[in-house]
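>>> model this:
(3 chains)
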Amino acid sequence: MRQDELFALVDCNNFYAACERVFAPELEGKPIGILSNNDGIIVALSDELKQLGINRGVPLFKIKDQIRKYDIRIFSSNYTLYGDMSSRVMKILSRFTPDFEIYSIDEAFLRLSEFRHLDLTAYARKIKHVVHQWTGLPVSIGIGPTKTLAKLANHVAKRRKDLAGVFDLTDHPRKDNILASIDVKRVWGVGPQYAKLLHRNGFHNVLQLAGAPRKWIKKKMTVVGLRTVLELNGTSCIDLEQDLDPKKEIVSSKSFGQPVTELKDLQEAVNSYCIRAAQKLREEKQVTGQIMVYVTTNRFKNEPQYANYEFYKLPLPTAYTPDLLQAAARILKNIYRRGYKYKKVGVMLSEISPEVNIPPDLFTPTYLDDRRRVIMACMDAINHKMGMNKLTYAGVGTVQNWKMKREMLTPHYTTRWQDLPIVKA
DNA sequence: TCTGGGGTCCTAGGACCC
DNA sequence: TCTGGGGTCCTAGGACCC
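Model (predicted):
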């Protein structure tokens, strides 16, 4: 716990919508919505779209009328584009301090404790300016003595237009008034459930939450909630996480573009997610000791429902795709029931550990010491060079009835030569 | 017709052991 | 009538994040 820290949270405004806009300037001023996988719900909105009263999470089909009426521009999510723009932003931020944490695709925490002699608001304005100039993306920056307060300052920076996107909450003369004007649900770490609980018990604004009895908070919101309250009071409990620690589980799952009933189609989808999960595993130089597969029908539909899952412990930790495909196929056969319309299947790898830690086995060759690892490395190298899944397994099928919907996808402007934008003189 | 995907952390409670 | 106690490990579930 420390009292003398200073953090900035840099957050790209409406990141996905802004990325689309960078390469299609005619979208300036237009309401924009970005869809989830399968084009199901709105996951990101431009300010113009928010002003129309549309919220994150609303299903596309529910706003069809408004789309026509207000000329709303809708896009499928283009993660290749967003990922590439994100790494550009992060690279720029790293020039301003080596002491920073990439928190999500569009956010980073910067430790500014060593910069306290500077005018931090001016410094943040400069960061904002450079990011915008070099990438075309607008960001907001909040500054505070803890990560939680920096997040909150960022919220204020976004909401109040007079601040021009930068706000420093540290030692602010009107800090209490500001905290008192913000609902607890805006606090990092307070989700819908805890917000309800807090409201029920008379804690409505952030100032009230900061003054809540610590014992009660710990009892009702565990140590996580307690940390949040301490952070609101200026005691830093959540440090930067710089060395990205290896993942503890890897999940690959997607809803289907249309209902799937046949085991064969489910099997293809499971195979394809399995292959993807195994690739991620090897990228991190990890092996897995346990695989889980689950299936579920569409819970929103008024038709027979079924959901099930099963774990399988692998005899030895592995990252060899065929091992996982075999295990997954066996699980799927166990849990599949004929007669249901399936909406989604998923694969989860857990008990993940670094490949160098595989225990030596006297009798069975492990993933490390036989040729399986070499084969995987070859496949990964080829796919990396030639494009995703140029080389794959017959098990993923060729028809792919389950494939997800992406009907409104923009080009891969930054990562595919043939999609490069053309400048007309 | 159409409702996302991928993560993390914490706790309670059961199983098991001595 | 009496029927321990404590430690550890595991898992499921609930909360959160973007």
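
>>> only C-alpha atoms for contact and neighbour calcs from this point on.
OK.

>>> can you count the residues close to residue A:190?
A count of nearby residues for residue A:190, using other CA atoms under 10 Å, gives 18.

>>> tell me if I'm right that it and residue A:197 touch.
No. In this structure, residue A:190 is not within contact of residue A:197 by CA atoms under 8 Å, at 10.0 Å.

>>> could you tell me which residues of chain A lie near DNA strand C?
Proximity of chain A to DNA strand C, by CA under 7 Å from any atom of the strand, involves residues A:104-107, A:187-195.

>>> filter those to the buried ones?
The neighbour-count criterion (16 or more other CA atoms under 10 Å) marks A:105-107, A:187, A:189-190, A:194-195 among those as buried.

>>> number of nearby residues for the closest residue to residue A:169 other than its chain neighbours?
Using CA to CA, 6 or more residues apart in numbering and skipping the chain neighbours, the partner closest in space to residue A:169 is residue A:144 (5.3 Å). By other CA under 10 Å, the residues close to residue A:144 number 28.

>>> what's the spacing between residue A:144 and DNA strand B?
Going from residue A:144 to DNA strand B by CA to the nearest atom of the strand, to the nearest Å gives 22 Å.

>>> how about residue A:279?
Counting by CA to the nearest atom of the strand, the separation of residue A:279 from DNA strand B is 10 Å.

>>> in the stretch 301-425 of chain A, where is pLDDT below threshold?
A:362, A:386-390, A:398-399, A:404, A:424-425 (pLDDT under 70).

>>> strands of that one, start to end?
A:307-318, A:342-354 (DSSP state E, counting those that start in this stretch).

>>> to residue A:270, which of these lies closest?
Across the strands of the stretch 301-425 of chain A, residue A:270 has its closest neighbour in strand A:342-354 (6.6 Å, CA to CA).

>>> restricting to C-alpha, output that closest one in CSV.
These are the backbone C-alpha positions of strand A:342-354, laid out as CSV (Å, rounded to 0.1, in the frame of the first residue of the first chain):
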residue,chain,number,x,y,z
TYR,A,342,-27.6,-25.8,-30.7
LYS,A,343,-26.5,-22.2,-30.5
LYS,A,344,-23.0,-22.3,-29.2
VAL,A,345,-20.2,-24.6,-28.4
GLY,A,346,-16.9,-23.8,-26.7
VAL,A,347,-13.5,-25.2,-25.7
MET,A,348,-11.7,-24.3,-22.6
LEU,A,349,-8.1,-25.2,-21.8
SER,A,350,-7.1,-24.9,-18.1
GLU,A,351,-4.3,-26.2,-15.8
ILE,A,352,-1.9,-24.3,-18.0
SER,A,353,1.8,-24.2,-17.3
PRO,A,354,5.0,-23.4,-19.0
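
>>> buried residues in it, which are they?
Quick answer for strand A:342-354 (16+ other CA under 10 Å): A:342-350, A:352-353.

>>> now do stretch A:162-169
Buried positions in stretch A:162-169, judged by neighbour count with 16+ other CA under 10 Å: A:165-169.

>>> for stretch A:224-231, same thing?
A:225-231.

>>> could you export the buried ones among the residues of chain A next to DNA strand C as TSV, including pLDDT?
Compiled in TSV, those are given as follows (pLDDT from 0 to 100):
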residue	pLDDT
A:105	96
A:106	97
A:107	97
A:187	98
A:189	97
A:190	97
A:194	97
A:195	97
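
>>> dump those into CSV; add secondary structure as well.
Output for those, formatted as CSV (DSSP: H, G, I helix; E, B strand; the rest coil):
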residue, secondary structure
A:105, coil
A:106, coil
A:107, strand
A:187, coil
A:189, coil
A:190, coil
A:194, helix
A:195, helix
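
>>> let me know the closest of the residues you listed to residue A:271.
So of these, ranked by how close each gets to residue A:271 (CA to CA), first place is residue A:105, at 27.3 Å.

>>> now do the contacts for that closest one.
A:82-83, A:86 (CA atoms under 8 Å, 6 or more residues apart in numbering).

>>> which ones among those lie within strands?
Of these, none are assigned to strands by DSSP state E.

>>> inside helices: which ones of those?
Among the contacts of residue A:105, the members found in helices (DSSP state H) are A:82-83, A:86.

>>> any of the residues you listed buried? List them.
If we count by 16+ other CA under 10 Å, these have these buried: A:82, A:86.

>>> quick check, nearest of the ones in helices among the contacts of residue A:105 to residue A:406?
residue A:82 (15.5 Å).

>>> against residue A:284, how distant is that closest one?
Distance, residue A:82 to residue A:284, using CA to CA, to the nearest Å: 21 Å.

>>> please apply the same query to residue A:221.
33 Å.

>>> the more surrounded of the two?
More neighbours surround residue A:221 than the other of residue A:221 and residue A:284, with 18 against 14 (other CA under 10 Å).
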